[in-house]
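In: Can you look at this prediction? I've put the sequence above it.
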Amino acid sequence: MNAAPCRADSAMTSCFAQVDCNNFYAACERVFNPALAGRPVVVLSNNDGCVVSRSAEAKRLGVPMGAPYFTLQGQLERQGVAVFSSNYALYGDLSNRAMRLLAGYARAQEVYSIDECFLDLSGEAEPLRLARRLRDALMQGLGLPACVGLGPSKTLAKLANHLAKQEAALEGVLDLGSLDVTALLQRLEPVAVEEVWGIGRRLGERLRLAGIGNARQLAETERDWLQRRFGLVTARIADELRGVSCLALESLLEPRRSVMSTRSFGRKVTALAELQEAAAMHASRVAERLRRQGSLAHFLRVGIRSGAPGWARGGDASETVALLPPSNDSRVLARAAQQAVARLWQRGVRYHKAGVMAFELVDAGQVQADLFAGDPLDAKSARLMQAMDAINQRMGRGTVRLLAEGTKQPWRMKQDHLSPCYTTRWDDIPVVKAN
């Protein structure tokens, strides 16, 4: 195996920024609650199950990620930790605001997840100064702390962000593109190969068996040998570590090939009517997402789960329903889901989860009418769904919903520590009073 030094070629003129909000869910809870400043905060998963987000203060207390809440409840109370249920409406809205804010500073943007994105800053005379402006803008405009990594490739930008989070002296910003080859290799050497974006544990184990244990060794490994032994993707990751940009920004997201909505119940459900309400709610969520991306669904898969196999005649039960013609109408999908649940339901079984998935999606603007099934583009239905979406977007999700979804919904996901939906529900908008 021959070693090859990092190459500094024309690709080094490109500049990517990777912006990642720190402890995003916990940070969102602090935006409208100043009393949480400096106090440890944790956010729980669905049904208040496990810890999924921790503030820096909670991390210093040793609160473990992914630990079940019931095993930590006493400890968190003694330590004065603020505990919150996941508030997806709040997190989603603040994420959208953050991504719109960041997009205004760059030539192109790739939204990578709810709390991070890549930006193309190529051609910027002072990318490091701009990176600091991005960080300040997020904090001043939205109250969200973030780190920014810069590099001539997306992999180096991601790695720079990782290092910026670890080293307080960097003040949340690191530019690996400004380093010469020797300094870059020194930065790469302490980074375990598994921590390189795209490697992971399994591939990392194989690389270690070949004598490649850190990011520097991967960058210095001869490319052709890497490709023969580990494949083209690994060879390109090594190129990216050398500063050769192989991964372009994916600024236009491909429409999803399937859309799913699923949740566990807050308690066990045995009544058919409650299962049908849950199925209708999930079907409505799926229909809303289909309309958002301009798709119609040919098929709907409806599933219910009753816990561990063998428990009360338990296990999974599902059914696929054909939609003729294809549709994104909430009423059509909810009716199909409820009919499927009625066929799947068994008396005496205690169910704990339901879900709906739409697949075989087609572009609503290109779908053809069916001679026997009829025209899928019903103008009256489309206007009704548009009005429903517009009201819910303005007044908050669920302001207008199908009666089939139920009114009280006693089966809903457990959220005993839910904070207000400050930005998406009129009743929860903070009120400021001045004397």
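Out: Thanks, I have it. Numbering: from 1, shown residues only.

In: Check which helices and strands whichever strand or helix holds Val148 is in contact with.
Out: Val148 belongs to strand 146-151 when assigned by DSSP states H and E. Contact partners of strand 146-151 among helices and strands, from 3 or more C-beta pairs under 8 Å, 6 or more residues apart in numbering; DSSP states H and E: strand 16-21, helix 127-142, helix 154-166, strand 173-175. Backbone N, C-alpha and C define where each C-beta goes, glycine included.

In: do that again at 10 Å, thanks
Out: Counting by 3 or more C-beta pairs under 10 Å, 6 or more residues apart in numbering; DSSP states H and E, the packing neighbours recorded for strand 146-151 are strand 16-21, helix 88-103, strand 116-120, helix 127-142, helix 154-166, strand 173-175.

In: So which of these is the most surrounded?
Out: Greatest average neighbour count among the helices and strands packed on strand 146-151 goes to strand 16-21 (a mean of 26), per mean count of other C-beta atoms under 10 Å.

In: and that one with helix 154-166, angle?
Out: Angle between the axes of strand 16-21 and helix 154-166 is 40 degrees (criterion: axes from the mean of the first three to the mean of the last three C-alpha atoms, to 10 degrees).

In: I'd like the next helix or strand past strand 16-21.
Out: helix 24-31.

In: Export that next one to PDB, keeping only CA atoms.
Out: Only the C-alpha atoms of helix 24-31 are listed here, as PDB (Å, rounded to 0.1, in the frame of the first residue of the first chain):
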ATOM      1  CA  PHE A  24     -31.100  22.100  18.700                       C
ATOM      2  CA  TYR A  25     -34.200  20.800  20.500                       C
ATOM      3  CA  ALA A  26     -32.900  22.000  23.900                       C
ATOM      4  CA  ALA A  27     -31.900  25.400  22.400                       C
ATOM      5  CA  CYS A  28     -35.400  25.800  20.900                       C
ATOM      6  CA  GLU A  29     -36.900  25.400  24.300                       C
ATOM      7  CA  ARG A  30     -34.800  28.300  25.600                       C
ATOM      8  CA  VAL A  31     -35.700  30.800  22.800                       C
END
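
In: May I see the buried residues of that helix?
Out: 24-30 (16 or more other C-beta atoms under 10 Å).

In: what about the helices and strands packed on strand 146-151, which gets the closest to Leu232?
Out: helix 154-166 (14.7 Å; C-beta to C-beta).

In: could you give me the average pLDDT of that closest one?
Out: Helix 154-166 shows a mean pLDDT of 95.

In: same check, this time on stretch 416-430
Out: Mean pLDDT, stretch 416-430: 85.

In: Contacts made by it with the rest, please.
Out: Contacts to stretch 416-430, defined as C-beta atoms under 10 Å, 6 or more residues apart in numbering, come from residues 28-29, 31-33, 36, 42-44, 47-48, 69, 82-90, 92-94, 96-97, 266, 392-399.

In: So what pairs up with the closest residue to Pro190 other than its chain neighbours in the strands?
Out: Nearest non-adjacent residue to Pro190, counting by C-beta to C-beta, 6 or more residues apart in numbering: Asn214, 7.0 Å away. Assessed by DSSP bridges, Asn214 has beta-bridge partners Ala192.

In: for the protein, what spans make up the helices?
Out: Along the chain, counting by DSSP state H, helices occupy 24-31, 56-60, 69-78, 88-103, 127-142, 154-166, 181-188, 200-209, 215-220, 223-230, 232-241, 272-292, 330-344, 379-395.

In: for the nearest residue to Asp20 once chain neighbours are set aside, which residues make a bridge with it?
Out: Nearest residue to Asp20 in three dimensions, chain neighbours excluded: Glu116, at 4.1 Å (C-beta to C-beta, 6+ apart). Glu116 has these beta-bridge partners by DSSP bridges: Asp20, Ser113.

In: Glu116 contacts Cys21, correct?
Out: Yes. With contact defined as C-beta atoms under 10 Å, Glu116 counts as touching Cys21 (6.9 Å).

In: Pull out the buried positions in stretch 241-259.
Out: 241-247, 249, 259.

In: nearest to Lys353, of the residues you listed?
Out: Val259 (17.7 Å).

In: what stretches of the chain score poorly on pLDDT?
Out: 1-12, 251-255, 307-314, 367-376 (pLDDT under 70).

In: let's see 80
Out: In the predicted model, the chain carries pLDDT under 80 at residues 1-13, 250-256, 307-315, 365-378, 396-397, 426, 435.

In: Generate TSV for the helices of the chain, with distance to Gly172 as supplementary columns.
Out: Converted to TSV, those look like this (distance: least, C-beta to C-beta, whole Å):
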stretch	distance to Gly172
helix 24-31	13
helix 56-60	12
helix 69-78	27
helix 88-103	15
helix 127-142	5
helix 154-166	5
helix 181-188	17
helix 200-209	26
helix 215-220	21
helix 223-230	33
helix 232-241	22
helix 272-292	33
helix 330-344	43
helix 379-395	33
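
In: Leu121: which of those helices is closest?
Out: Across these, closest to Leu121 is helix 127-142 (C-beta to C-beta), at 4.9 Å.

In: what packs against the closest one?
Out: Right, helix 127-142 is packed against strand 16-21, helix 24-31, helix 88-103, strand 116-120, strand 146-151, helix 154-166, strand 173-175 by 3+ C-beta pairs under 10 Å, 6+ apart.

In: again, only this time at 7 Å
Out: If you count contacts as 3 or more C-beta pairs under 7 Å, 6 or more residues apart in numbering; DSSP states H and E, helix 127-142 packs onto strand 16-21, helix 88-103, strand 146-151, strand 173-175.

In: Could you point out which of those sits nearest Ala342?
Out: That would be helix 88-103 among the helices and strands packed on helix 127-142, by C-beta to C-beta, at 28.9 Å.

In: Report the distance from that closest one to the chain centre.
Out: Mean-position distance between helix 88-103 and its chain equals 12 Å (C-alpha atoms, centre = their mean, to the nearest Å).

In: Could you check the angle it makes with helix 24-31?
Out: 90 degrees.

In: Could you check how far Val233 is from Leu249?
Out: According to C-beta to C-beta, to the nearest Å, Val233 stands 18 Å off from Leu249.

In: burial of Arg343, as a residue count?
Out: Per other C-beta atoms under 10 Å, the neighbour tally for Arg343 reads 10.

In: which residue packs closest to it, ignoring adjacent ones?
Out: Glu319 (6.3 Å).

In: wait, what's in contact with Ser45?
Out: Going by C-beta atoms under 7 Å, 6 or more residues apart in numbering, Ser45 touches 52, 86.

In: for it, phi and psi?
Out: phi -80, psi -170 (degrees, to the nearest 10).

In: how near is it to Val83?
Out: 12 Å.
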